[in-house]
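J.: Please work out how this folds:
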Amino acid sequence: MIDFIDESSSSEQSNDDRFQFLFVRYLEDELDDQQWDEFNKLLRSNEAMRERFFELSSCTHLIGELLQSEQKATRSVSEGRASHGSLARRVTFCLAGIAALILVFIFYPRIETNPPADASISFLTSDVVLRDANGQSLPASVGRKLSTGETVETRGSQSLATILFGDGTRVVVAPNSFVQLALVSGKMLTVNQGTITASVSPQMVPMVVKTPQARIDIEGTEFSLEASKSQTNVHVTDGSVKLTRTTDGESVIVAKGKQVVSDELVVRNAKPAGSIWNEDFEGGLPDGWHIGTFVEDGHAGSKGAIRAERDGSEERYTIAAPQRWIDGLFVVHEDTHLHMTVKMSRPNWINMFFLIRTNDLDDPSDMAIFDAGPFSTMQPDQWYNVTVPISALKVKAEKRFSDHGPKPSERIYDIAWTSSGHDRGLVIDRVWVTRGGPGEVKRTLVNDE
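T.: Sure, this is the predicted structure:
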């Protein structure tokens, strides 16, 4: 054992010196219960120590990767002389890193987080891909344990997964997202692209989420985060988080009911999820409508509409609304009604699929369907207004659809209008949501109103 500090003089030591002593004993797994309590108290009360920990834990991880790299390089050194110079440089760099780390342990104490986190998949839907640190595909299933370096990928509008940690922390990986885990020292997630929603249990030291533009420290809260190549958007629903912009080190605290975007770094009131929604395509195809073609074929007085297009390689023709996981397209109430101004050149059956964000992170999403019978008896190329109460939808349960609709306060985050096998020539001029309505499915010719 290496003793850098005499414990008998601890009463005269500064917090930094005392931490260094406790840290060394921690590394050697020799902390008794009283020292554990003291160590935890120092971490909770000193933000600078926590910051130093996260910087240096990353350094530790890097050194580990270098060592693994050198082991692989050593095994392949016999493949040719050309690798010798590169190998020597890498070994020198690795040894220099290890030496630097030893100096760090002595003169700049490294703050450790919680013990390695225990994480597993507690929920998943279709098209979830799990990859190891080398990018190799792994089987994904409920209950599967996750390891450092593994990435959870949700591919497609219906793809979702929930990561459950041993302390009860839950992270929902929303559709079209890529999330990598680092579990060596506590919890660290890297969201290179996509959206997560998390309920984080109280942490001894903060959980960390990294994106291309920011670092978010979370001590125990509920929040959602959306990351792209250009910006990070954080919404906090309970507690608070700290967002630090990586380009300049500027940081802000985002409290309950607030949101912030990384490029502006201005904390604002979070926009509440709306009870109404309206898209009329007058200015072209709005952002996010990911399947469908803009046409100037609206009804009289309209400047534009959206037409169904072939969905990938399948014999299916679809119009798909924007996917908005965080706020939803709209919040469901008992009296919510969806309205559409539509026409078809070849009328027949159309299915409408609704993706629902529930209020349960253990079962975060449902699907509902509306068997759009009113479409099948339309007159060709005639405009109709169709009204559908949300209570008329049928939520999927197991492998069948139930006889009940979405629950109040749940959010519809995606809608698709789909026909299989044939192009019906479906065109939507306007779609909107209101509270209040007839309480039943209604269809009328536009010219008759």
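J.: shaky segments in the stretch 51-200 of the chain?
T.: The model of the stretch 51-200 of the chain has pLDDT under 70 over residues 51-117, 184-185.
J.: all strands for it, in order.
T.: Counting by DSSP state E, counting those that start in this stretch, the stretch 51-200 of the chain has strands at residues 119-124, 128-131, 137-138, 145-146, 151-154, 161-165, 170-173, 177-182, 188-199.
J.: list the helices and strands the last one packs on?
T.: For strand 188-199, the elements it packs on are strand 170-173, strand 177-182, strand 207-210, strand 222-227, judged by 3 or more CB pairs under 8 Å, 6 or more residues apart in numbering; DSSP states H and E. The C-beta positions use only the backbone N, C-alpha and C, and glycine is treated the same way.
J.: Put together a markdown table for these, with mean neighbour count and distance to Val395 on each row.
T.: Shown next, in a markdown table, are the helices and strands packed on strand 188-199 (neighbours: other CB atoms under 10 Å; distance: least, CB to CB, whole Å):
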| stretch | mean neighbour count | distance to Val395 |
| --- | --- | --- |
| strand 170-173 | 25 | 19 |
| strand 177-182 | 21 | 24 |
| strand 207-210 | 24 | 31 |
| strand 222-227 | 23 | 23 |
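J.: can you redo those strands as JSON lines with distance to Asp263?
T.: Output for the helices and strands packed on strand 188-199, formatted as JSON lines (distance: least, CB to CB, whole Å):
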{"stretch": "strand 170-173", "distance to Asp263": "24"}
{"stretch": "strand 177-182", "distance to Asp263": "20"}
{"stretch": "strand 207-210", "distance to Asp263": "16"}
{"stretch": "strand 222-227", "distance to Asp263": "12"}
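J.: For Thr387, find the nearest of the strands of the stretch 51-200 of the chain.
T.: Closest approach to Thr387 among these is made by strand 188-199 (31.0 Å; CB to CB).
J.: Contacts for that closest one, please.
T.: Strand 188-199 is contacted from outside by 154, 169-182, 207-212, 218, 222-229, 325-326, 361, 364, using CB atoms under 8 Å, 6 or more residues apart in numbering.
J.: For Asn134, which of the helices and strands packed on strand 188-199 is the nearest?
T.: Nearest to Asn134 among the helices and strands packed on strand 188-199 is strand 177-182 (12.4 Å), distances taken as CB to CB.
J.: Pairing partners for that closest one, with directions?
T.: According to DSSP bridges, strand 177-182 forms sheet pairs with strand 151-154 (antiparallel), strand 188-199 (antiparallel).
J.: quick one, the longest one and strand 119-124 angle?
T.: Here strand 188-199 runs at 50 degrees with respect to strand 119-124, directions being taken by axes from the mean of the first three to the mean of the last three CA atoms, to 10 degrees.
J.: Name all residues that make contact with the closest residue to Ile276 other than its chain neighbours.
T.: Spatial nearest neighbour of Ile276, chain neighbours left out: Val433 (5.5 Å); criterion: CB to CB, 6 or more residues apart in numbering. By CB under 8 Å, 6+ apart, the residues touching Val433 are Ser275, Ile276, Trp277, Asn278, Leu329, Phe330, Thr336, His337, Leu338, His339.
J.: Next: Leu225.
T.: For Leu225, the residues meeting the contact criterion (CB under 8 Å, 6+ apart) are Val191, Thr195, Ile196, Thr197, Ala198, Val209, Thr211, Ile216, Thr232, Asn233, Val234, His235.
J.: Looking at those residues, which is nearest Val260?
T.: Checking the contacts of Leu225 one by one against Val260 (CB to CB), the nearest turns out to be Val234, at 5.5 Å.
J.: Thanks a lot, catch you later.
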